[in-house]
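Engineer: structure for the following, please:
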Amino acid sequence: MNCSLPLRDRKKAATRTALSNAALRLARTVGVDAVTAEAVATEAGVSTRTFHNYFTSKEEAILYRFETEAKVWAQLLRARPADEPIWESLEQLSLNLITDPARTLDETVAVMALVEDSPALMTRKVEMSGRVARIIGEAIAERTGTDIDADLYPNLVQMAAAAACKSAIELWLRGTSSASSPEELVSQAFRQLRAGLPPPTAAATQS
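Structural biologist: A predicted model of the protein is given here:
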């Protein structure tokens, strides 16, 4: 949370986050369809009216974390050393994501699966994806001296980085990789991106 915000705004942000976390906990416990605004409010220790002051639906509450995390991610990217190559910055941020002590990898994957298994959540996620892409793309554009509206590069880089991280995590969870950790797979993915995704060789597949 940004401590530079006025106290009132910090309290609002904390309430919004608490409601979102409560909605997500309930969705994972009882399923998305069984979650209600009343149940989320009770779980968060506030009134149902308070819930509706912050969110229009349970789907919006569950997905709130994705947009806020994109903003944090963009801030972290902007805080990386200015002379650091963009792929190095993105790799380090991806590694930090999957090693975050506040959230296990299993939890991250469970949330992703929860969204993908719910048509209602997927519909909302598609609507939100444009905003999230804009947030991250603008940060990449600033770092690379490109224009998010005119240049392909920042748009392509953000999609490639997201795909690299997702592919590495999914391969790790299958249990079929020879890698010793998900971090190793993420680093492999970014090495291949930096190399331009050349056709694999026997040596490359083992690296």
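Engineer: and the helix or strand in which residue 50 is found, what does it pack onto?
Structural biologist: Using DSSP states H and E, residue 50 sits within helix 48-54. Applying 3 or more Cβ pairs under 8 Å, 6 or more residues apart in numbering; DSSP states H and E, one finds that helix 48-54 contacts helix 7-30, helix 37-44. In this view, the C-beta of every residue, glycine as well, is placed from N, C-alpha and C.
Engineer: quick one, phi psi at residue 162?
Structural biologist: Main-chain torsions, residue 162, degrees, to the nearest 10: phi -60, psi -40.
Engineer: tell me who's in contact with residue 190.
Structural biologist: Neighbour list for residue 190: 87, 90, 91, 94, 161, 164 [criterion: Cβ atoms under 8 Å, 6 or more residues apart in numbering].
Engineer: the closest residue to the last one other than its chain neighbours and residue 59: what is the separation?
Structural biologist: Across the structure, with Cβ to Cβ, 6 or more residues apart in numbering as the measure, the residue nearest residue 164 apart from its sequence neighbours is residue 189 (3.8 Å). Residue 189 sits at a distance of 30 Å from residue 59 (criterion: Cβ to Cβ, to the nearest Å).
Engineer: likewise residue 191?
Structural biologist: Distance from residue 191 to residue 59, by Cβ to Cβ: 37 Å.
Engineer: who has more neighbours out of these two?
Structural biologist: Ranked by neighbour count (other Cβ atoms under 10 Å), residue 191 and residue 59 place residue 59 first, with 23 against 14.
Engineer: now do the helix or strand that that one is a member of against helix 37-44, angle only.
Structural biologist: Taking DSSP H and E as the criterion, residue 59 maps to helix 58-79. Per axes from the mean of the first three to the mean of the last three Cα atoms, to 10 degrees, the angle that helix 58-79 makes with helix 37-44 is 50 degrees.
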